[in-house]
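Q: Fold the following for me, if possible:
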Amino acid sequence: MTANVPPSPQAGEEDDRTERSPGHRVPRTDLWISLLILLATFAAYSSVVHLGFVAYDDRVYVVENLHLRDGLAVRNLHWIFLSFSPDNWFPVTRLSLILDYRLFGLAAGWYHAENVVIHAMAAVLLFGFLRRATQVRWPCAFVALVFALHPLHVESVAWVAERKDVLCAFFWFATFWAWLRYTEKPTKGRYVSALIWFCLGLMAKPMIVTLPFLLLLLDVWPLRRAFSRKLIWEKLPFAALSGAVIWITMRAQQAALTDPGPSGLRAENALTSIAAYIADTFWPARLWAVHAYPVSLPAWQAVAAAVVLAVISVFVLRQLPRRPFLATGWFWFLLTLAPVIGLVQAGWQSRADRYMYVPMVGLSVMIAWGFAGLVARWPAIRRWTAGLAITACLSMAAVTWTQTQYWQSTDELFQHAIRMDARNYLAWNYLGRALMVSGRFPSEAVSCFRNALEIRPDFAETHDNLGLVFFSKQNRVEDAIAEYREALRLNPGLTIAHVHLASALLRLGQPLEARNEYEIVLSQNPAYFFAAHIALGILLANGGDLAEGVTHLQEAVRLEPDDKAAQVLLGQMLMDTPGHLPDSILHFGAALRIDPRDAEAHRALAAALLRLPGRREEAIAHLETAQRIAPDPKLAAQLDQLKADGVSGHK
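A: The predicted structure is shown next:
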């Protein structure tokens, strides 16, 4: 293994160089800086403890996620480690949320506080890594403080559903730290340690897949390792893990992939988004939660962005011999942004603040060491530069505190986005959906959807949402069907619209048409197979085809064996199927293993047991349990009658 080449002074590195103390003990000043990073982060995000959950993935990840209640039960391990729900694979993030639920229930403030703590610890890790790798202090402190305080990071920290972001960054920087120790003294243990941290990062969020390329950049600067073939070989296990997770992620996100337009528009959006990210880094004055994908873009914007990016790339490469930090910072920014730049699109956002969570570090490195170089050349500007850095950090903290307030509620989050961009059809759509889900203002929800469609009439998801509010909140079934059909005309692959259309057709008494819609669902999108099999099972059983209904319910239970409602439903169908009474008892028992306090499952199991000779006492025990869980006068009367019959029979 090639040893590290001792770093020689370069532009941007002569100031404040301090030698490592014996045994790599941490200097006291660095401890004070680490404490400052922690306290500054907690101050900037102090209001998060008063935030709640927002109806923007938080419901799916936490509030309505029944898996969190099962904890580490054996039946839940499949969901934790093998499931792609919702549209991704991140078992470490799931474990983190399970722990939170065990500790805090649904007290949202604690979830937010934990996000802040992990974010602050990631910032300290970043400072420690850079400090030890470069042996300079103040540029490292500035980069870490920018990471901790920049308002572009509010979305990652103040949004519970983005726990995966802060966890991924923590493991990312821990991997860098372990890798640095390996390069200082190459041993198998230190190499394995770096791999383990990397695996944890991959299982928190797949955005870390670019790390093997960053390790090569770090070899250039700040580690300055002499190039050899071993430098490539040692990264191959990391690259193999990245490749595996990329494959898993592509499978997991299949249902979330969208087609926002031709490849040319995607390329234009990618170029202009990179330019926008750079602008927001330097002047974060216009930040909001959702940026709608454009219908079109002026060609000159994409051309101008491409020219700027090309000029910067050529410049940093020309500066490589004298200022290698520029190349490392710039390509750190571009490489880490690559997975989310939109060439493969998941969702309808053109860009997102959270995508800059780790990429911004590269730009911060360029700024910090660039100014350090100026100070080294003109020492007289040291105080001016320090004052500018302090002002920048204080300003970022103030804007971050303000930006955090927009996450107080779902309504405020999207209303702020609309205030910033009145033609943001995606924000109008999400605001309408939030109002619809809350059930408070269905007419206002309709107005929001109308506004979204006025801006973009061909947005199928809004037509589907409008149909849903007509159907579920206003009982306008025929209007709902019209909207669902329009959504499917615009996007035949919008599977959820087929599901909604089938429900509306059933309401109108058209079971054959509804069945056709569910069968389309089964041919389109695995994410909806479970719901479609449940619906088809009920539909067919009610239509007299009990055997076919049972087949669909059995497939639903195979897909989601931990769904207690599906187990009970299948048990009830089997109870009515000649010769399958013992099978029904097995499924009721499975439901009770999932949730021993499910009163319906106890009552259903009791009904099945009463049909078998010699099982009366067992049935009565289950009915008594159901009565304790959910008291019901009719059930009490049934129990009294059963006990009386038992006494009479005994006499």
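Q: Show residues contacting stretch 362-377.
A: Residues from elsewhere that reach stretch 362-377 (C-beta atoms under 8 Å, 6 or more residues apart in numbering): 11-16, 130, 136, 138-140, 142-143, 146-147, 278, 281, 323, 325-326, 328-334, 336, 381-382, 385, 388-389. The way it works is simple: take the backbone N, C-alpha and C, and place the C-beta from them, glycine included.
Q: Among these, name the buried ones.
A: With burial judged by 16 or more other C-beta atoms under 10 Å, the buried subset of the contacts of stretch 362-377 is 11-13, 15-16, 130, 136, 138-140, 142-143, 146-147, 278, 281, 323, 325-326, 328-334, 336, 382, 385, 389.
Q: Just want the phi and psi numbers for residue 545.
A: Note on residue 545: its backbone torsions stand at phi -100, psi 70 [degrees, to the nearest 10].
Q: Ignore what I typed, I meant residue 562.
A: Taking degrees, to the nearest 10 as the convention, residue 562 sits at phi -100, psi 10.
Q: count of residues packed around it?
A: 20 (other C-beta atoms under 10 Å).
Q: Could you do the one 3 residues further on as well?
A: Close neighbours of residue 565, defined as other C-beta under 10 Å, add up to 16.
Q: okay but residue 639 is in contact with residue 624, surely?
A: Yes - taking C-beta atoms under 8 Å as the definition, residue 639 is a contact partner of residue 624 at 6.5 Å.
Q: Just the ones of the contacts of stretch 362-377 in helices?
A: Among the contacts of stretch 362-377, the members falling in helices (DSSP state H) are 130, 138-140, 142-143, 146-147, 278, 281, 325-326, 328-334, 336, 382, 385, 388-389.
Q: Not counting sequence-adjacent ones, nearest residue to residue 220?
A: Among residues not flanking residue 220 along the chain, residue 324 sits closest, at 5.5 Å (C-beta to C-beta, 6 or more residues apart in numbering).
Q: same question but for residue 382, I mixed them up
A: Here the residue nearest residue 382, using C-beta to C-beta, 6+ apart, is residue 375, at 5.0 Å.
Q: Report the rounded mean pLDDT for the host helix or strand of the one you found.
A: If you go by DSSP states H and E, residue 375 is part of helix 360-377. What helix 360-377 shows for mean pLDDT is 96.
Q: and residue 505, what element?
A: Going by DSSP H and E, residue 505 is in helix 495-507.
Q: Same question for that helix: list its buried residues.
A: 495, 496, 497, 498, 499, 500, 501, 502, 503, 504, 505, 506.
Q: what does the following helix or strand past it contact?
A: Downstream of helix 495-507, the next assigned helix or strand under DSSP H and E is helix 511-524. Residues from elsewhere that reach helix 511-524 (C-beta under 8 Å, 6+ apart): 493, 495, 498-499, 501-503, 505-506, 528-529, 531-533, 535-536, 539-540, 542-543.
Q: Ok, stretch 284-296 next?
A: So stretch 284-296 is contacted by 56, 150-152, 154-155, 260-261, 265, 269, 280, 345, 348-353, 396, 399, 403, 406, 413-414, 416-417, 420-421, 424-427, 430, 456 (C-beta under 8 Å, 6+ apart).
Q: Would you write out the ChimeraX command that picks the buried residues out of those?
A: To isolate in ChimeraX the members of the contacts of stretch 284-296 that are buried, counting by 16+ other C-beta under 10 Å, one can use:
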select :56,150,151,152,154,155,260,261,265,269,280,345,348,349,350,351,352,353,396,399,403,406,413,414,416,417,420,424,425,426,427,430,456
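Q: Show me the contacts of stretch 284-296 that map onto strands.
A: 349, 350, 351 (DSSP state E).
Q: of all those, which comes closest to residue 446?
A: residue 349 (23.7 Å; C-beta to C-beta).
Q: Give me the pLDDT value at that closest one.
A: 84.
Q: again, but for residue 412
A: 94.
Q: repeat for residue 649
A: At residue 649, pLDDT is 51.
Q: mind showing which ranges of the chain have poor pLDDT?
A: By pLDDT under 70, the weakly predicted segments of the chain are 1-24, 254-261, 345-347, 646-651.
Q: can I see the domain layout of it?
A: 28-405, 563-651 (automatic domain parsing).
Q: need the strands for this structure, in chain order.
A: According to DSSP E, the strands that the chain contains are 291-292, 349-351.
Q: Mutual contacts of residue 639 and residue 624, please.
A: Shared contacts of residue 639 and residue 624, defined by C-beta under 8 Å, 6+ apart, are absent.
Q: Helices of the stretch 401-550 of the chain, start to end?
A: 410-420, 425-438, 442-455, 460-473, 477-490, 495-507, 511-524, 529-542, 546-559 (DSSP state H, counting those that start in this stretch).
Q: Please disregard the earlier target; I meant the stretch 1-150 of the chain.
A: 28-44, 58, 67-70, 77-82, 91-104, 108-134, 138-149.
Q: Check what contacts the last one and list those residues.
A: What it means is helix 138-149. 12, 15-16, 33, 36-37, 40-41, 44, 119-120, 122-124, 126-127, 130-131, 134, 153, 360-361, 364-365, 367-369, 371-372, 386, 389, 392-393, 396-397, 400.
Q: Show the contacting residues for the residue lying closest to residue 416 once chain neighbours are set aside.
A: Excluding its sequence neighbours, the residue lying closest to residue 416 (C-beta to C-beta, 6+ apart) is residue 406, at 4.4 Å. Going by C-beta under 8 Å, 6+ apart, residue 406 touches 288, 289, 412, 413, 416.
Q: how close does the last one sit to residue 369?
A: Separation of residue 416 from residue 369 (C-beta to C-beta, to the nearest Å) stands at 35 Å.
Q: Equivalent analysis for residue 436, please.
A: Counting by C-beta to C-beta, the gap from residue 436 to residue 369 is 50 Å.
Q: neighbour count winner among those two?
A: More neighbours surround residue 369 than the other of residue 436 and residue 369, with 29 against 23 (other C-beta under 10 Å).
Q: so how far is residue 608 from that one?
A: 73 Å.
Q: which residues touch the closest residue to residue 88 other than its chain neighbours?
A: Once flanking residues are discounted, residue 88 sits nearest to residue 252: 5.0 Å by C-beta to C-beta, 6+ apart. The contact partners of residue 252, by C-beta under 8 Å, 6+ apart, come to 84, 87, 88, 89.
Q: Select from those residues the one having the most neighbours.
A: residue 89 (21 neighbours).
Q: quick one on the thing from earlier: and the helix holding residue 505, what other elements does it pack with?
A: Counting contacts by 3 or more C-beta pairs under 8 Å, 6 or more residues apart in numbering; DSSP states H and E, helix 495-507 packs against helix 460-473, helix 477-490, helix 511-524, helix 529-542.
Q: again, 6 Å this time
A: Here helix 495-507 touches helix 460-473, helix 477-490, helix 511-524, going by 3 or more C-beta pairs under 6 Å, 6 or more residues apart in numbering; DSSP states H and E.
Q: what's the closest of these to residue 246?
A: Using C-beta to C-beta, the helices and strands packed on helix 495-507 put helix 511-524 closest to residue 246, at 24.0 Å.
Q: buried set for that closest one?
A: Within helix 511-524, the residues that count as buried by 16+ other C-beta under 10 Å are 514, 515, 517, 518, 520, 521, 522, 524.
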